[in-house]
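[1] Quick one: sequence plus predicted model below, questions after.
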Amino acid sequence: MASNTLYILFLSIICVSSLAQPISQAPVNAVSPQCLADVVALKNMSYIDSALLVLYSGHGPQQLGNYDECQDLSAAHYCVFKYLLPGLEFYTVQTGVCAPANCSDSDLTAVGSALLPNTTKLSVMCIPKRNTEFPAQAIVMLSIWGLLALLCTLGATVEWRSMRLKQQREVDQFAMELDPDSEAAHLLSVQADSYQTQSEKDEATVIVLPKSTMSVSKTVLAPMSPSSYRRPVASVKMVPPPIHTEDSSKFVKFLLCFSPIRNLSRLLAPSSEPNLSALNGLRSFSMLWILLGHTIYYSSFMFDNPIHILKVISRQFEFQIIANANYAVDSFFYMTGFLVGYLTLRQLIKHRKIPLVLYYLHRVWRLTPPLLMMILTLWFLSPYLGNGPWWYNFKQTQLRNCNANWWASLLYINNFYPTDFMKQCGEWTWFSAVDMQFYIISPIIVYTYYRNKKLGLALMGVMLSATLIATGIFAFQKRYTVNVLDLQESSDFSFMSEFYEKPWTRLPAYLVGMLSAFILIYIEDNPDLKTRAAVKWAEKHHEPVKRHLPWWLQTLLLTVGLTIILSCIFGTYSSFQPGQAWTYDDARTILWNAFGRFGFSCGLAFMMHVLYMGHGFFINRILSWDAWSPIARLTYSAYLWHPVVMQLILSNFKTLVHYDYWTVACYFLAFSLGSYIVALGSFLLIERPIMNLESLVLPQHK
């Protein structure tokens, strides 16, 4: 009886809510002898040592206790109780308990089930003491990243040396052209640098980023005098030489592919398609919108005021920006469909065929290596980069999911298998899978339109109608609403697995993008749509020719487009208000689930067509700003790595966070900055070098 009494005493520590039943109902017989022995040992501990277990435990819902202090106790370990409370089924409540070392997950689960009978989905996760040693796979991943950094260093060294040598050859050649036997030629070819001050050297050396050639601007010099030796006699432009140089070995060309000098110049170069530069701004804003949505999504498990979020914050008008952040993904599908349709149709018009092998191989070569490195890092390295109450769960989840399903992500089928959204190796990579699936079917659509425009448009119409009808029917059968909080009440992510990530749900945005590309090409190839004034203006300002678009039509398209976009974002506001929820069989819910993404994409199409034609008032100036170009080029890497950055940071937290807009704003800015810093590293180490290697390995279609 003594041991039972002591055990009951310990159970008082883990009475984690006011819902607990009388202590006498605790199932002592269901607990292992080892756990009971540890409880008996409490009697032999000092009062202070026994009290520490209580002190370091949480004493109610959403209280974690003190993780570090508990783990430092030799006779205890830290455990987390997770459960759902009545009326708050959409949110998992957590409580930290500092338990005796030999009380396992199953021991505490049995006790918790008796003490908290009114809760559901109770689970207990006990966290083992941290092992600071890196396993072999983590060391291998660090070595791979180190090797890539070494290649970049060697590439930069080779390129800098090549640029300096070519600069010297240009100066020597210029000097010899003056007079091979003159003293001036000798001074220019041998001692030119020593006659210039540092400021003059800086003035004479100009780095030109967009171009890939090196040239010398020659000037006519006055007769040489001692004072003239100190003047800049040539403007030497130091830029990266092309990779394909006849005097370079294959190994040198390989190293130059990794040169950060070359790759930074590509990153900072202006847009190669000025009339489509507004896409850079749209891509950048869409990525920031995704970062905002994921800031809430990945940190939602650690808020200490979930009821306030449900009852107050979610009912505020501005919360719709977060609740409907999924439209940012549809904007990417619109842009992908537009670019694939535009470039592929231009290819067909010029060459009358599509090199399918290169078409698909280019896409796989471009997307797979960065995806592979992210998965390997998530799988082998990230589980060993932290510690905390949530860290162990993050570690076990990534190891379990990637051990079983890493191949599905690399084959771009992870939106179909595994069937559980949360069992994917990097669940956010569903976008890459859907994007690749759309890319595979795109040549069929483009080629049909190229051969017969009416037949191509009919094919797109049939596909669009089928997806809209199927999406509406499926959402109705599954009783999906438009309130994101309602969709998460089941906590089983069935909405994500069966609806959100499926290609037929996202196809309308992609088709709208392709249709926009076909319309733009028609306008570009129709000379009657270009006015003489527009041509004259373009020649004067050295810019693309603007298509004739009356001011009233510009205003109409922009107004209609922005109205549709804002309606899609804020139109569900009433469904979040008490007593005004849209039920699954409400006509508004059915129409919204079927046509919401299609409508948002049409709004983008109306707005962007005005910008493609060079109009759009201040909107065009904002979205076409040159500063968006490098940010847009980092989008793919930022999308792949931002959840890794967020989870690494959040899983290392050891306390809960109070939700308010200022806190979210700070987290959003920190996550955005961290994600783009990592994206820059990925771009320089993997993404851009792979694109450079493509020109050396794969045949180029001209």
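    Looks like it came in fine.
[2] use CA for all of it now, contacts and neighbours both
    Noted.
[3] which helix in this structure runs the most residues?
    Using DSSP state H to define each element, the chain has its longest helix at helix 136-178.
[4] Now do stretch 572-586, average pLDDT.
    In this model, stretch 572-586 has an average pLDDT of 88.
[5] Distance from it to the middle of the chain?
    A distance of 31 Å separates the centroid of the chain from that of stretch 572-586, by CA atoms, centre = their mean, to the nearest Å.
[6] Please apply the same query to stretch 493-512.
    So, by CA atoms, centre = their mean, the centroid of stretch 493-512 is 18 Å from its chain's centroid.
[7] Could I get the full set of strands for the stretch 1-150 of the chain?
    Here the stretch 1-150 of the chain has its strands, by DSSP state E, counting those that start in this stretch, at 76-84, 93-100, 120-127.
[8] In CSV: those strands, plus distance to His609 and mean pLDDT.
    Listed next are those as CSV, based on distance: least, CA to CA, whole Å; pLDDT from 0 to 100:
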stretch, distance to His609, mean pLDDT
strand 76-84, 49, 88
strand 93-100, 48, 88
strand 120-127, 51, 87
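[9] Go through those strands and pick out the most buried.
    Greatest average neighbour count among these goes to strand 93-100 (a mean of 26), per mean count of other CA atoms under 10 Å.
[10] Val140: which of the strands of the stretch 1-150 of the chain is closest?
    Set against Val140 and scored by CA to CA, those come closest in strand 120-127, at 25.8 Å.
[11] helices or strands next to the closest one in the packing?
    Other helices and strands packing on strand 120-127, by 3 or more CA pairs under 8 Å, 6 or more residues apart in numbering; DSSP states H and E, are strand 76-84, helix 105-115.
[12] Report the strands that pair with it, each with its relative direction.
    If you go by DSSP bridges, strand 120-127 pairs up with strand 76-84 (antiparallel).
[13] if we can go back for a sec, output the strands of the stretch 1-150 of the chain as TSV; include the columns distance to Ser601.
    Formatted as TSV, the strands of the stretch 1-150 of the chain follow (distance: least, CA to CA, whole Å):
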stretch	distance to Ser601
strand 76-84	38
strand 93-100	38
strand 120-127	39
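[14] Quick check: which of those strands is nearest to Asp304?
    Closest of those to Asp304 is strand 93-100, at 9.1 Å (criterion: CA to CA).
[15] which residues are in contact with the closest one?
    With CA atoms under 8 Å, 6 or more residues apart in numbering as the contact definition, strand 93-100 has outside contacts at 13-14, 16, 35, 38-39, 53-54, 56-65, 67, 70, 75-85.
[16] Pull the CA coordinates from it and hand them back as CSV.
    C-alpha atoms of strand 93-100 as CSV (Å, rounded to 0.1, in the frame of the first residue of the first chain):
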residue,chain,number,x,y,z
VAL,A,93,-3.7,21.0,-26.0
GLN,A,94,-0.3,20.2,-24.5
THR,A,95,1.1,19.9,-21.0
GLY,A,96,4.6,19.2,-19.9
VAL,A,97,5.4,16.7,-17.1
CYS,A,98,8.7,16.0,-15.4
ALA,A,99,8.2,12.3,-14.7
PRO,A,100,10.4,9.6,-13.1
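[17] related to what we said a few turns ago, Thr555: which of the strands of the stretch 1-150 of the chain is closest?
    Within the strands of the stretch 1-150 of the chain, the stretch nearest Thr555 is strand 93-100; the backing value is 50.4 Å (CA to CA).
[18] so how far is the closest one off the chain centroid?
    34 Å.
[19] same check, this time on stretch 267-276
    When C-alpha coordinates are averaged (CA atoms, centre = their mean), stretch 267-276 and its chain have centres 21 Å apart.
[20] For the helices and strands packed on strand 120-127, please prepare TSV with the additional fields distance to Gln396.
    Shown next, in TSV, are the helices and strands packed on strand 120-127 (distance: least, CA to CA, whole Å):
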stretch	distance to Gln396
strand 76-84	14
helix 105-115	15
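[21] Among the ones you listed, which comes closest to Ser432?
    Nearest of the helices and strands packed on strand 120-127 (CA to CA): strand 76-84, 32.4 Å.
[22] Give me the angle between the closest one and strand 93-100.
    150 degrees (axes from the mean of the first three to the mean of the last three CA atoms, to 10 degrees).
[23] For strand 76-84, output the C-alpha coordinates as CSV.
    Included here for strand 76-84 are C-alpha records, laid out as CSV according to Å, rounded to 0.1, in the frame of the first residue of the first chain:
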residue,chain,number,x,y,z
ALA,A,76,13.7,12.2,-14.4
HIS,A,77,12.8,12.9,-18.0
TYR,A,78,10.5,15.3,-19.7
CYS,A,79,7.2,14.1,-21.2
VAL,A,80,4.5,15.9,-23.1
PHE,A,81,0.8,15.1,-22.7
LYS,A,82,-1.3,15.9,-25.9
TYR,A,83,-5.1,15.8,-26.0
LEU,A,84,-8.2,17.5,-27.3
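[24] Identify the residues contacting that strand?
    With contact meaning CA under 8 Å, 6+ apart, strand 76-84 is reached by 53, 64, 67, 70-71, 90-102, 105, 119-129, 389.
[25] Also stretch 343-350?
    Here stretch 343-350 makes contact (CA under 8 Å, 6+ apart) with 353-354, 443, 446-447, 450, 518.
[26] one more time with 7 Å
    If you take CA atoms under 7 Å, 6 or more residues apart in numbering as the criterion, stretch 343-350 is touched by 354, 446.
[27] That stretch: how far from the chain's middle?
    Chain-centre distance of stretch 343-350: 30 Å, with CA atoms, centre = their mean.
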